[in-house]
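kindly generate the corresponding structure for this input.
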Amino acid sequence: MKCPVCKDVTLLMAEKHGVEIDYCPECRGIWLDRGELDKIIERASKYDDRDDRDEKSRNREKPKKKSAFLGDILEIFGGD
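Predicted coordinates:
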């Protein structure tokens, strides 16, 4: 499939955490197939729930920065 923005660049596909993402190596645009955004949202809420439980179990320790599911997904594209 060609990038809708760049027109002549073929999209690449990456899979991480069970989510398939099409992306353009030129403009770094990201396209999701039907249902993929729902998977990302569902898994992100599970990460937040898990982090909240872990934080409550630590006796007032300084909270760590939460791991972000979306950040994990975007690592594919060299995101920070």
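
make it CA atoms for all contacts and neighbour counts henceforth
Noted.

element containing residue 45, please.
helix 36-57 (DSSP states H and E).

mean confidence (pLDDT) on that helix, please.
Averaging pLDDT along helix 36-57 gives 71.

gap between residue 2 and residue 45?
From residue 2 over to residue 45 the distance is 32 Å, taken as C-alpha to C-alpha, to the nearest Å.

what of residue 21?
Taken as C-alpha to C-alpha, the span from residue 21 to residue 45 is 19 Å.

quick one: which of those two has more around it?
residue 21 (20 against 13; other C-alpha atoms under 10 Å).

ranges for the strands of this structure?
Along the chain, the segments classed as strands by DSSP state E run 12-16, 19-23, 30-32.

quickly compare these and say which is most buried.
Of those, the one with the most neighbours on average (mean count of other C-alpha atoms under 10 Å) is strand 19-23, at a mean of 19.

by contact count, what packs against that strand?
Applying 3 or more C-alpha pairs under 8 Å, 6 or more residues apart in numbering; DSSP states H and E, we find strand 19-23 packed against strand 12-16, strand 30-32, helix 36-57.

tell me the mean pLDDT over the shortest one?
If you average the pLDDT over strand 30-32, you get 91.

can you list contacts of it?
The contact list for strand 30-32 (C-alpha atoms under 8 Å, 6 or more residues apart in numbering) reads 20-24.

6 Å instead?
With contact meaning C-alpha atoms under 6 Å, 6 or more residues apart in numbering, strand 30-32 is reached by 21-23.

now those residues in JSON lines, with pLDDT and distance to residue 30?
As requested, those are exported to JSON lines (pLDDT from 0 to 100; distance: C-alpha to C-alpha, whole Å):
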{"residue": "21", "pLDDT": "91", "distance to residue 30": "7"}
{"residue": "22", "pLDDT": "93", "distance to residue 30": "6"}
{"residue": "23", "pLDDT": "92", "distance to residue 30": "4"}
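
and those as a markdown table, adding distance to residue 34?
Shown next, in a markdown table, are the contacts of strand 30-32 (distance: C-alpha to C-alpha, whole Å):
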| residue | distance to residue 34 |
| --- | --- |
| 21 | 11 |
| 22 | 12 |
| 23 | 15 |
